[in-house]
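# the amino acid sequence is not available; the structure is as follows:
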């Protein structure tokens, strides 16, 4: 229970990378979001990235990172992967999300959410022919993720359609003019959390049986340390 409280608190803290807070949509880079663990996915990603690059776009493709570029080397921690990829999302002016899997890849869904929350346009690439079926055979896609993409972008069904849409969205101006403009709301939310944090902690402490006190725990720890040094 106590470890959950700490994790929940961390989730309420804005992501930063070292001493530098990445500027939202600070370059014309395109972040390519797709599953990348099968050879088929990696080949598809590389093919699409090459098409975009030949059209003059700069593309960040996560599978192209060497293990030395991610903390932890060949066995990076989950947090290292998250921070590395999130830094590149925030340093992009556009995210292309491939949603062809039977269920939208959970990593892609998370990347879409991060882009939305930071005012970065998202284009959904949906090439699966099952989208055209009628009735029970029609391929279902999670409506929350679909709605998130449609709120800041649109869907296309192949690379030929993607190129002109990318040209429309892939500017710093487009990234700065997203209609939902979440930054002020997020800052206001964190301000409220900070001002009421002491009250929040006291409420959490009151849920423990027997009652648990953060300050009492610190006092006990300090007393034990002093005792061990005597």
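Right, received. Where do you want to start? It should be emphasised that the depicted structure is a prediction, and the values quoted were computed from it without experimental measurement.

# and residue 154, what does it touch?
Counting by Cβ atoms under 8 Å, 6 or more residues apart in numbering, residue 154 makes contact with 123, 124, 165. No exception for glycine: its C-beta is placed from N, CA and C like everyone else's.

# swap that for residue 104, sorry
141, 142, 145.

# the closest residue to residue 36 other than its chain neighbours: neighbour count?
Distance criterion Cβ to Cβ, 6 or more residues apart in numbering; nearest residue to residue 36, sequence neighbours excluded, is residue 63 at 4.3 Å. Using other Cβ atoms under 10 Å, residue 63 has 14 other residues around it.

# and residue 78, by the same measure?
Residue 78: 8 neighbours (other Cβ under 10 Å).

# three-state assignment of residue 37?
Under DSSP: H, G, I helix; E, B strand; the rest coil, residue 37 falls in the coil class.

# now residue 154, what's its secondary structure?
Classification of residue 154 by three-state DSSP places it in strand.

# ok so, going back, can I assume the residue nearest to residue 36 is in contact with residue 39?
No - the criterion here is Cβ atoms under 8 Å, and residue 63 misses it with residue 39 at 10.9 Å.

# re the thing from before, got a markdown table for the contacts of residue 104, with neighbour count and pLDDT too?
Formatted as a markdown table, those follow (neighbours: other Cβ atoms under 10 Å; pLDDT from 0 to 100):
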| residue | neighbour count | pLDDT |
| --- | --- | --- |
| 141 | 20 | 90 |
| 142 | 12 | 91 |
| 145 | 23 | 95 |
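
# among those residues, which one sits closest to residue 86?
Proximity of the contacts of residue 104 to residue 86 (Cβ to Cβ) peaks at residue 145, which lies at 17.5 Å.
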